[in-house]
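*Asks:* Predicted model, plus sequence, below.
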Amino acid sequence: MDRETRLFAESHFRGLRGRLPGGVCPTPDCVDFIENPDSFSYADFFKGYLLPNVPCVFSSAFTETWGSRRHWVTPSGKPNFDYLLRNYGDVLVPVANCGVREYNSNPKEYMPLREYINYWKEYIHGDYSSPRGCLYLKDWHLCRDSSAEGVFTLPVYFSSDWLNEYWDALGVDDYRFIYMGPTGTWSPFHADIFRSFSWSVNICGRKKWFFFPPGQEEALRDGHGGLPYDVTSPGLLNSRPCPLPLEVTQEAGEMVFVPSGWHHQVHNLQELCAVQQEVGQWRDAMPDWHHHCQVIMRSCSGINFGEFYHFLKVIAERRLLILAKGMGPEVEGGEDSGPGPQQAAFDVSRIAEVLASVVAHPDFQKVDTCVFSPRPAELLQQLEEGVVATASL
């Protein structure tokens, strides 16, 4: 990020200050297609798509050097089963059954990749049918479980990635997933975790996306407030007027940018409100009621207030360290370069605003922060001082 882009972004967020989140965003007429990597900079993406929070599709030229595109695909454009078996055949992979609904997802089992590929071949030979159902390899952490050198190159447009940076620092998890499956496999209606943005590359085959901007999912809720499992279901479409999705067909090699909050809205504070409503009848009788709500919230959404604070702290301290080394020229880089000083200054201002809202939240104020180091108020002060220090740079 250069200085001009950082100032542009800060001006953008100043213009949003005071507005309540939520509301219905209009659906764009189409999704922009970015053709040439040489004429599309990080600043172009940041200003044109990340800040406005709208999707776009990058052409296959952006991923043509990836090892996965060279080795995982045959010359005819089919999955290279022989290569995958040779290199990963004994790796255990998570496999979901698309034909079985478990809440708003699918049940999973683990099997060696070799067994899944044998199933895949049988599924194709069986005219895309199998007594085992429609199985989809989902959420395979190849980058965590095995060497992924050369499989992909992190695009510069997504080099500021707080979630994966946090998990890499802890060394226990990541949000880099691989999906594989035959025609007919699919993922139920959802939004990405913690309202994060994401990006997805198709190595081979085609994929159809149905996008709903933030707010439009409210029109899809049922009488109990639940979101649909399948937005293409005829039963849903016939039951009431529904907003039309933005449809995108992703071809081989193309990269889709999925903006924050698209599909259906999911964020932690709403999850906590739902938990509190469910167990509200025991509020007076249950000792440490607020603590129990945090435990339940973590089981439902994977994180609670304390862990969210730790997440913010890890990223904040890394950005403050970059700023402590001094502001200088910044070069758009890839995976190894990491965030530069201008990006660090922008991130510090955003973390400060998020942390301020967390510290002021009445439910966070009931969390025992005695063991937090630094204390939330201390970290917030460091961030605010960092914002002031970078204001004139």
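*Replies:* Happy to help now that I have it.

*Asks:* Next one: the closest residue to Leu137 other than its chain neighbours, what pLDDT does it get?
*Replies:* With sequence-adjacent residues excluded and distances taken as CB to CB, 6 or more residues apart in numbering, Leu137 is closest to Met180, at 4.2 Å. For every residue, glycine as well, the C-beta is placed using N, CA and C. Looking at Met180, its pLDDT reads 93.

*Asks:* list the contacts for Met180?
*Replies:* Contacts for Met180 (CB atoms under 8 Å, 6 or more residues apart in numbering) come out as Pro79, Tyr116, Trp120, Tyr136, Leu137, Trp140.

*Asks:* Other residues contacting the stretch of helix or strand the third one belongs to?
*Replies:* Just to be clear, that refers to Trp120. Using DSSP states H and E, Trp120 maps to helix 113-125. Applying CB under 8 Å, 6+ apart, the contact partners of helix 113-125 are 79, 81, 84-85, 88-93, 95, 129-130, 132, 134-135, 137, 180-182.

*Asks:* Narrow these to those in helices?
*Replies:* If you go by DSSP state H, the contacts of helix 113-125 have Phe81, Leu84, Leu85, Tyr88 in helices.

*Asks:* State the distance from the second one to His125.
*Replies:* Using CB to CB, to the nearest Å, one obtains 18 Å as the distance from Leu84 to His125.

*Asks:* follow-up on the earlier one: roughly how far apart are the residue nearest to Leu137 and Ser41?
*Replies:* 32 Å.

*Asks:* how about the helices in this structure?
*Replies:* 3-16, 42-45, 67-71, 81-88, 113-125, 142-145, 162-170, 234-239, 268-278, 289-301, 305-324, 341-360, 376-390.

*Asks:* Including distance to Pro28 and mean pLDDT, could the ones you listed go into CSV?
*Replies:* Below are the helices of the chain laid out as CSV (distance: least, CB to CB, whole Å; pLDDT from 0 to 100):
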stretch, distance to Pro28, mean pLDDT
helix 3-16, 18, 88
helix 42-45, 16, 96
helix 67-71, 28, 94
helix 81-88, 37, 95
helix 113-125, 35, 94
helix 142-145, 32, 75
helix 162-170, 25, 86
helix 234-239, 21, 73
helix 268-278, 25, 45
helix 289-301, 29, 51
helix 305-324, 30, 91
helix 341-360, 24, 92
helix 376-390, 32, 92
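
*Asks:* Compare those helices and give me the one nearest Glu102.
*Replies:* helix 289-301 (14.4 Å; CB to CB).

*Asks:* could you measure the residue nearest to Leu137 against Asp173, distance?
*Replies:* 21 Å.

*Asks:* related to what we said a few turns ago, and the ones in helices among the contacts of helix 113-125, which are buried?
*Replies:* Neighbour counting over the ones in helices among the contacts of helix 113-125 (16 or more other CB atoms under 10 Å) leaves Phe81, Leu84, Tyr88 as the buried ones.

*Asks:* Mind putting the residues you listed into CSV with distance to Lys325?
*Replies:* Output for these, formatted as CSV (distance: CB to CB, whole Å):
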residue, distance to Lys325
Phe81, 48
Leu84, 43
Tyr88, 40
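
*Asks:* burial of the nearest residue to Ser59 once chain neighbours are set aside, as a residue count?
*Replies:* Closest residue to Ser59 apart from its sequence neighbours, by CB to CB, 6+ apart: Glu35 at 5.0 Å. Using other CB atoms under 10 Å, Glu35 has 14 other residues around it.

*Asks:* Ala61 is in contact with Glu35, correct?
*Replies:* Yes. Using CB atoms under 8 Å, Glu35 makes contact with Ala61 at a distance of 7.2 Å.

*Asks:* mind listing what Asn104 touches?
*Replies:* Contacts of Asn104 by CB under 8 Å, 6+ apart are Pro188, Phe189, His190, Gly226, Leu227, Tyr229.

*Asks:* Give me the distance between it and Phe212.
*Replies:* Looking at Asn104 against Phe212, where the rule is CB to CB, the gap reads 15 Å.

*Asks:* Out of the ones in helices among the contacts of helix 113-125, the closest to Leu163 would be?
*Replies:* Checking the ones in helices among the contacts of helix 113-125 against Leu163 with CB to CB, the nearest one is Tyr88 at 24.6 Å.
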